[in-house]
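*Asks:* here are the coordinates; sequence isn't available:
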């Protein structure tokens with residue numbers, strides 16, 4: 001079976017032809033370069049309409065086929081710009097009707113993951129997907145590609161494009177920022193915003209523009225902007241890797257062309273004893289081959305659509321798409337014997353302190369980050385965590401006792417707590433036991449929030465269970481705040497972490513957490529805030545025809 005795939009979610013038009021064994025027979029593309037400003041949806045749509053006939057002819061010629069050799073048509077259903085998606089969907093419907101062949105609308109983001117798996121041979125990776133329109137950390141669990149983390153505002157590629165436009169560097173911004181960044185090594189301090197496995201770029205963009213407007217050299221600002229944004233992206237990927245314990249990292253998306261980002265992800269992967277994969281450059285950015293291959297995978301696994309079901313979905317989420325062809329890897333990442341555990345931020349070692357069994361948490365230098373960023377993060381997070389561990393005890397939450405802190409070495413020596421990771425307990429428990437545990441977790445979170453403590457990285461990997469005690473660990477991303485927004489984000493981080501690796505029971509568990517959280521004095525305000533954050537652009541699904 002031969003599938004023709006049409007891509008057109010934003011400024012790039014792509015046509016690909018792939019057979020049912022995954023052989024890429026052709027891949028042709030053409031990119032719209034705007035004269036000024038960003039990508040206008042109507043201009044993108046006009047570009048697709050003008051480019052598709054020629055690209056289809058070129059792809060058929062490369063594949064040594066004519067239209068009668070096409071057995072299936074696939075197109076990008078979303079996410080993307082509405083007018084652009086509609087133009088490509090119309091072209092796909094026209095082709096399918098003319099050829100009298102099946103048609104399938106596919107998810108653009110999942111297409112990136114699948115073309116990455118096809119061209120690299122990786123099996124079950126944590127995927128960092130970074131483009132102009134999307135920034136996500138994706139991993140498979142429970143029949144879906146779960147979104148472990150994502151941008152809460154603008155995508156990394158969009159941030160680079162906006163910076164480039166406002167500093168007269170032109171479009172696309174990524175290559176121009178990279179070019180100037182390579183001419184500097186002078187770091188200017190910029191905001192670093194990581195919230196669990198989510199991140200935000202709008203504050204970073206604003207701060208970088210202000211630095212430039214204030215007289216800092218463009219090369220220095222580009223260097224600092226790129227280093228900060230990419231360190232954030234790699235850190236959240238690192239956190240997803242530590243939480244899921246998968247053995248592979250896959251980097252995809254248009255921003256994957258950046259050599260510095262590739263280097264940083266490669267270094268992080270190596271430090272975690274995992275394997276790093278990246279597709280050939282022509283398949284990193286948007287392309288028609290990934291859409292054609294997604295069509296093949298869906299068709300092989302029984303997906304069928306008639307023309308009435310080929311509506312576009314502008315905000316088509318990655319975690320809405322069943323992927324029955326995927327299987328979870330049976331083997332998890334193995335660590336060296338001397339390590340008790342390895343998290344995203346630190347290594348844990350067993351030791352003795354004044355004859356007490358202790359755990360030494362050492363925030364080791366991260367080779368993927370420049371020293372200026374790394375030193376600030378390790379020192380401030382070590383100091384902040386030790387303070388919050390003690391503060392949490394005063395609020396009635398069980399945490400390890402801190403024996404010693406060494407800011408210079410970024411180490412905390414703390415009580416060795418007996419217990420099992422909640423992540424492992426949940427995997428081996430019945431639903432009623434799980435809801436009981438989750439209810440107790442909610443009660444403890446309410447106590448933390450009452451004292452103004454935001455944990456910052458609530459996952460089942462950062463909780464221990466000892467009898468009926470819930471023990472909170474790893475306050476490295478924590479802070480003091482009474483803002484409803486911060487409390488809502490704290491709970492939402494946990495909800496997404498549950499969906500990531502406990503998808504089948506995540507709804508029941510989070511409901512039990514909220515039930516336990518009812519003792520919070522601002523319970524309804526915080527719960528409403530969680531729903532509000534979920535309802536913002538990156539979380540909302542809007543369908544259109």
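*Replies:* Arrived safely, thanks for sending. Remember, it's a predicted structure, so these values are computed and weren't measured experimentally.

*Asks:* in what helix or strand does the spatially closest residue to residue 301 that is not a sequence neighbour lie?
*Replies:* Excluding the flanking residues, the one nearest residue 301 by CB to CB, 6 or more residues apart in numbering is residue 324, at 4.7 Å. Where C-beta positions appear, they are placed from N, C-alpha and C, glycine not excepted. Assessed by DSSP states H and E, residue 324 sits outside every helix and strand.

*Asks:* How confident was the prediction at residue 324?
*Replies:* Per-residue pLDDT puts residue 324 at 96.

*Asks:* does the most centrally placed residue in the chain sit in a helix, a strand or a coil?
*Replies:* The centroid of the chain falls nearest to residue 137 when counting by CA atoms, centre = their mean (2.0 Å). With DSSP: H, G, I helix; E, B strand; the rest coil as the basis, residue 137 sits in strand.

*Asks:* Now do the same contact list for it.
*Replies:* Contact analysis of residue 137 by CB atoms under 8 Å, 6 or more residues apart in numbering lists 126-129, 147-150, 197, 236-237, 240.

*Asks:* Give the next helix or strand downstream of the host helix or strand of residue 357.
*Replies:* According to DSSP H and E, residue 357 maps onto strand 356-362. Of the helices and strands lying after strand 356-362 in sequence (DSSP H and E), the nearest is helix 371-394.

*Asks:* re the thing from before, beta partners of the residue nearest to the centre of the chain?
*Replies:* Counting by DSSP bridges, residue 137 is bridged to residue 128, residue 149.

*Asks:* Run through this structure and note the low-pLDDT ranges.
*Replies:* For the chain, the stretches flagged by pLDDT under 70 are 35-38, 335-343, 536-545.

*Asks:* Got the domain ranges for it?
*Replies:* 2-109+285-313, 116-283, 341-415, 420-534 (automatic domain parsing).

*Asks:* Output the ones you listed in TSV; the columns should cover distance to residue 334.
*Replies:* Converted to TSV, the domains of the chain look like this (distance: least, CB to CB, whole Å):
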stretch	distance to residue 334
domain 2-109+285-313	30
domain 116-283	7
domain 341-415	11
domain 420-534	16
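
*Asks:* Between these, which one is closest to residue 331.
*Replies:* Proximity to residue 331 (CB to CB) singles out domain 116-283 among those, at 6.7 Å.

*Asks:* before we move on, back to that, among the domains of the chain, which comes closest to residue 330?
*Replies:* Closest to residue 330 of the domains of the chain, according to CB to CB: domain 116-283, at 9.2 Å.

*Asks:* Quick one: end-to-end length of that closest one, please.
*Replies:* 7 Å (CA to CA, to the nearest Å).

*Asks:* For the residue nearest to residue 301, give its distance to residue 295.
*Replies:* 15 Å (CB to CB, to the nearest Å).

*Asks:* next one: residue 200
*Replies:* Counting by CB to CB - residue 200 and residue 295 are separated by 34 Å.

*Asks:* mind checking the SS state of the closest residue in space to residue 66 that isn't next to it in sequence?
*Replies:* Ranked by CB to CB, 6+ apart and with sequence neighbours excluded, the top spatial neighbour of residue 66 is residue 60, at 6.1 Å. Classification of residue 60 by three-state DSSP places it in helix.

*Asks:* wait, isn't residue 60 in contact with residue 17?
*Replies:* Yes. Contact criterion CB atoms under 8 Å: residue 60 and residue 17 qualify, at 7.3 Å.

*Asks:* and those two? which has more neighbours close in?
*Replies:* residue 17 (26 against 20; other CB atoms under 10 Å).

*Asks:* For the more buried one, give me its contacts.
*Replies:* Per CB under 8 Å, 6+ apart, neighbours of residue 17: 2-5, 24-27, 59-60, 62-63, 65, 70, 288-289, 292.

*Asks:* where does residue 134 fall, phi/psi-wise?
*Replies:* Backbone torsions of residue 134, given as degrees, to the nearest 10, read phi -140, psi 140.

*Asks:* follow-up on the earlier one: which members of the contacts of residue 17 are classed as buried?
*Replies:* Neighbour-count burial (16 or more other CB atoms under 10 Å) applied to the contacts of residue 17 gives 2-5, 24-27, 59-60, 63, 65, 70, 288-289, 292.

*Asks:* and which of the residues you listed is nearest residue 519?
*Replies:* residue 5 (52.7 Å).

*Asks:* Pretty sure that closest one sits in a strand.
*Replies:* Yes. Applying three-state DSSP, one finds residue 5 inside a strand.

*Asks:* Okay, and the beta partners of it?
*Replies:* Bridge pairing for residue 5 (DSSP bridges) gives the partners residue 16, residue 74.

*Asks:* I'd say it and residue 288 touch.
*Replies:* Yes. Using CB under 8 Å, residue 5 is in contact with residue 288, at 4.6 Å.

*Asks:* Residues in contact with both of the two, list them for me.
*Replies:* The contact lists of residue 5 and residue 288 share 14-17, where a contact means CB under 8 Å, 6+ apart.

*Asks:* returning to that earlier point: who's more crowded, residue 324 and residue 295?
*Replies:* Per other CB under 10 Å, whichever of residue 324 and residue 295 has more neighbours is residue 295, with 30 against 12.

*Asks:* what packs against the one helix or strand residue 509 maps to?
*Replies:* Residue 509 is part of helix 506-516 when elements are defined by DSSP H and E. Using 3 or more CB pairs under 8 Å, 6 or more residues apart in numbering; DSSP states H and E, the elements in contact with helix 506-516 are helix 431-450, helix 484-501.

*Asks:* To residue 226, which of the ones you listed lies closest?
*Replies:* Of all the helices and strands packed on helix 506-516, helix 484-501 comes closest under CB to CB, at 25.7 Å.

*Asks:* Which residue, other than its chain neighbours, is closest to residue 238?
*Replies:* Residue 238 sits nearest to residue 344 (CB to CB, 6+ apart), 4.4 Å away.

*Asks:* go on, residue 494?
*Replies:* residue 458 (3.8 Å).

*Asks:* Stretch 64-82 spans what distance, first to last residue?
*Replies:* Stretch 64-82 has an end-to-end distance of 33 Å (CA to CA).

*Asks:* quick one: contacts for residue 122?
*Replies:* Contact analysis of residue 122 by CB under 8 Å, 6+ apart lists 116, 248, 250, 275, 277.

*Asks:* Pick out the most distant pair among these.
*Replies:* Using CB to CB, the two most remote members of those are 116 and 275, lying 13.0 Å apart.

*Asks:* between the two, which one's more packed in?
*Replies:* Applying other CB under 10 Å to residue 116 and residue 275 shows that residue 116 carries more neighbours, namely 26 against 17.

*Asks:* wait, is residue 413 part of a strand?
*Replies:* Yes. Counting by three-state DSSP, residue 413 falls inside a strand.

*Asks:* State the distance from it to residue 275.
*Replies:* 33 Å.
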